[in-house]
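Novice: I'll drop the sequence and a predicted model, then ask my questions.
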Number of protein chains: 2
Amino acid sequence: MTKKKGSLLSYRPDIKVVDATIRDGGLVNDFQFSEDFIRDLYRTNVEAGVDYMEFGYKASKDIFNEREFGPWKFCDEDAIRNIVGDNDTDMKIAVMADVGRCNFKRDIINRADSAIDLVRIATYIHTIPAAIEMIEHCHNLGYETTVNIMAISTAKEAEISEALDLISKSPVNGIYIVDSYGSMFMEQIDELADKYLAMAEEYDKFVGIHAHNNQQLAFANTITALTRGVSYLDATVSGMGRGAGNCASEQLLGFLKNPKYNIIPILKFLEKHIEPLKKSGVVWGYNVPYLLTGQMNQHPRTAIEATKESRTDYLNFLLELNDKD
Amino acid sequence: MTKKKGSLLSYRPDIKVVDATIRDGGLVNDFQFSEDFIRDLYRTNVEAGVDYMEFGYKASKDIFNEREFGPWKFCDEDAIRNIVGDNDTDMKIAVMADVGRCNFKRDIINRADSAIDLVRIATYIHTIPAAIEMIEHCHNLGYETTVNIMAISTAKEAEISEALDLISKSPVNGIYIVDSYGSMFMEQIDELADKYLAMAEEYDKFVGIHAHNNQQLAFANTITALTRGVSYLDATVSGMGRGAGNCASEQLLGFLKNPKYNIIPILKFLEKHIEPLKKSGVVWGYNVPYLLTGQMNQHPRTAIEATKESRTDYLNFLLELNDKD
């Protein structure tokens, strides 16, 4: 229980910051970002020392209607190339591919021909075998891979152990702790980090964390995981992400001690793009309904609905949540 | 380093929740609350199982102009009695008295004749001797007392140790860890909690925490301190408090496992009083300027000013903060 990596003044070279603004933020506005936003975010992340930038989902156009979403739901090679060219920077490019929502055999090409470096495979516990098929496919195409096991706060410990056991034997590079409902406390992150790291390190893999801010614990849980030895840290500009959003880049980069990280480009991006986006009516971030779904370890969909309707009848909302059990 | 009290499912009967809404929230609106707000907050706290309700400051009318502030800046006995009567409840009544800003010999009467149970003495490290004089005075009048040592994030360890040593030998009942600038991380709270508890427990005193939310860590730091053995936990409804505000009652009561605590009255109060208060233009809570003063371990006054002016030129703001060093 006392294991701790690093101190408040040192830094660990194994730390990687992963910007997930377009991908998780795209869930708020159906990926309808201006090209200017995306171009500036790319430059911002490079200047800020961010290690990976996730451009969006690699979703199948057989399943999702192209007219209903912006281009970053699909992350066509051309769309990414249009922004990054040959990506002649130190920052790598990531996309997320959901089990069951992508046609990876058709849509993910050889890494040698792709702008993408890292494919992040998102799965539930019950779809781990399908995730492993995707991991192996992407690995064989030359990609770095992570697996993001979602909704673990409602899974049993034995299920998580079995999932980790299966995944550890796959060629995946990293395994993510994902707090999908923003329901977890730092004590639980400590325990999960120990559990994930024990398995991952045995197989020479790293562990990452993707936190949600329902209880205003996304940053706290992220730095707790970091202190415990987790090394891939997801963040989004202004915490932009589904529902209560994520750990904010400006929180995380202000905390990390490695001088390669720089908060200033993020502050400029907030001024230029995030403030106007918020003024235009795009809404994310902590509020009471998100707190309540987080406390009850429920999917935030009811709180997203309540937020859209600007509901402030919090007691009725709580009673509705209780009814769903 | 592994010391931990309680678990996520147990509860500790030594935990006390202290509502500081009027006192810290009053710093936002010059204590101009409606009588209806105060009456309902009192009932709300009683129903929610809150252990202490802080009504405001016991400030001297020789120093502060009565016409510039609402009554809770001064907490006259009559004003409190008008709300609580004989306070025939399980909840105790607290006030805060600042070293150098009150006339405690004149304004604090015998506890037997007072509606007040607890006097919280707020001090900086360099005014500890004056704080001890106040502690002794209030103790002799029959009050429970705590000492809230402010701005410790800019103090040296040896200074804190000396302050704790002096205070431990006083008759004070409890010592508060106060993160005035919202600059502290959970690792620092762990260390401070151990340090405060080691001294306090030797002298049969308890330790409390008062956190600020500049980095969205007020709740995280409060539950970290709790896990470490700290027992008096400050919270405010909706986190209302100076600048970035405090740990929110609805966060804390949703976390605590003792069935005496009940979030429902708090939710009703949020609907009835906090939403209208916010709509009326009273502003508090996390934003980027508060994050930056927190990261830089500075007093939030510059961020309060920036917030009043609705500034979003974050980079300029950061540069101004750097200039102040």
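Specialist: Cool, the structure landed.

Novice: the closest residue to chain B within the stretch 151-300 of chain A: neighbour count?
Specialist: Residue nearest to chain B within the stretch 151-300 of chain A: A:Ala220 (3.3 Å; CB to the nearest CB). Using the backbone N, CA and C atoms, a C-beta is placed for each residue, glycine as well. A:Ala220 has 28 neighbours, counted by other CB atoms under 10 Å in any protein chain shown.

Novice: also the one 4 residues further on?
Specialist: A count of neighbours around A:Thr224, defined by other CB under 10 Å, yields 26.

Novice: again, but for A:Asn87
Specialist: So A:Asn87, with other CB under 10 Å, has 18 neighbours.

Novice: contacts only, for it.
Specialist: Contacts of A:Asn87 were listed using CB atoms under 8 Å, 6 or more residues apart in numbering or on different chains, and they are A:Ile93, A:Ala115.

Novice: my guess is A:Arg101 contacts A:Lys61. True?
Specialist: No: judged on CB atoms under 8 Å, A:Arg101 makes no contact with A:Lys61 at a distance of 11.0 Å.

Novice: at which residues are the helices of the stretch 201-325 of chain A located?
Specialist: Ranges of helices in the stretch 201-325 of chain A, per DSSP state H, counting those that start in this stretch, are A:218-228, A:249-255, A:264-269, A:275-279, A:288-295, A:301-308, A:314-323.

Novice: now name the helix or strand holding A:Ala163.
Specialist: Using DSSP states H and E, A:Ala163 sits within helix A:157-168.

Novice: who in chain A is up against chain B?
Specialist: Contact residues (CB under 8 Å from any CB of the partner chain) of chain A with chain B: A:1-2, A:8, A:185-188, A:213, A:215-220, A:223-224, A:227, A:248, A:250-251, A:254-255, A:263-264, A:267-268, A:270-271, A:275, A:286, A:288, A:291-292, A:295, A:312-315, A:318.

Novice: sorry, back to before: name the helices or strands packed onto the helix holding A:Ala163?
Specialist: For helix A:157-168, the elements it packs on are helix A:128-140, strand A:144-149, strand A:174-178, helix A:186-202, judged by 3 or more CB pairs under 8 Å, 6 or more residues apart in numbering or on different chains; DSSP states H and E.

Novice: outside of that helix itself, list whatever touches it.
Specialist: Helix A:157-168 is contacted by residues A:125, A:128-129, A:131-132, A:135, A:147, A:149, A:152, A:155, A:175, A:192, A:195-196, A:199-200, A:202-203, A:205 when judged by CB under 8 Å, 6+ apart.

Novice: drop anything exposed from those.
Specialist: Among the contacts of helix A:157-168, the ones that count as buried by 16 or more other CB atoms under 10 Å in any protein chain shown are A:125, A:128, A:131-132, A:135, A:147, A:149, A:152, A:155, A:175, A:192, A:195-196, A:199-200, A:205.

Novice: wait, which of those is closest to A:Ile108?
Specialist: Using CB to CB, A:Ile135 comes nearest to A:Ile108 of these, at 11.6 Å.

Novice: hmm, back to that, wait, which of the helices and strands packed on helix A:157-168 is closest to A:Ala235?
Specialist: Closest among these, using CB to CB: strand A:174-178, at 13.3 Å.

Novice: quickly run through the sheet partners of the closest one, with directions.
Specialist: Note on strand A:174-178: by DSSP bridges, its sheet partners are strand A:144-149 (parallel), strand A:206-210 (parallel).

Novice: just how off-centre is the longest one within its chain?
Specialist: This points to strand A:144-149. 11 Å (CA atoms, centre = their mean, to the nearest Å).

Novice: is it true that the residue of the stretch 151-300 of chain A closest to chain B touches B:Ala220?
Specialist: Yes: at 3.3 Å, A:Ala220 counts as touching B:Ala220 under the criterion of CB under 8 Å.

Novice: can you pull the buried residues of stretch A:61-70?
Specialist: Buried, per 16+ other CB under 10 Å, within stretch A:61-70: A:Phe69, A:Gly70.

Novice: what distance separates the opening and closing residues of it?
Specialist: Taking CA to CA, to the nearest Å, stretch A:61-70 runs 12 Å from one end to the other.

Novice: what does that stretch contact?
Specialist: Contacts for stretch A:61-70 (CB under 8 Å, 6+ apart): A:Gly26, A:Asn29, A:Asp30, A:Phe31, A:Gln32, A:Phe33, A:Ala59, A:Lys73, A:Phe74, A:Arg101, A:Asn103.

Novice: residue contacts, the first one?
Specialist: Contacts for A:Gly26 (CB under 8 Å, 6+ apart) come out as A:Phe33, A:Gly56, A:Tyr57, A:Gly70, A:Trp72, A:Lys73.

Novice: would you mind giving both backbone torsions of it?
Specialist: phi -60, psi -20 (degrees, to the nearest 10).

Novice: returning to what we had before: between the helices of the stretch 201-325 of chain A, which one is nearest to B:Val84?
Specialist: Of all the helices of the stretch 201-325 of chain A, helix A:314-323 comes closest under CB to CB, at 24.9 Å.

Novice: brilliant, that's me finished.
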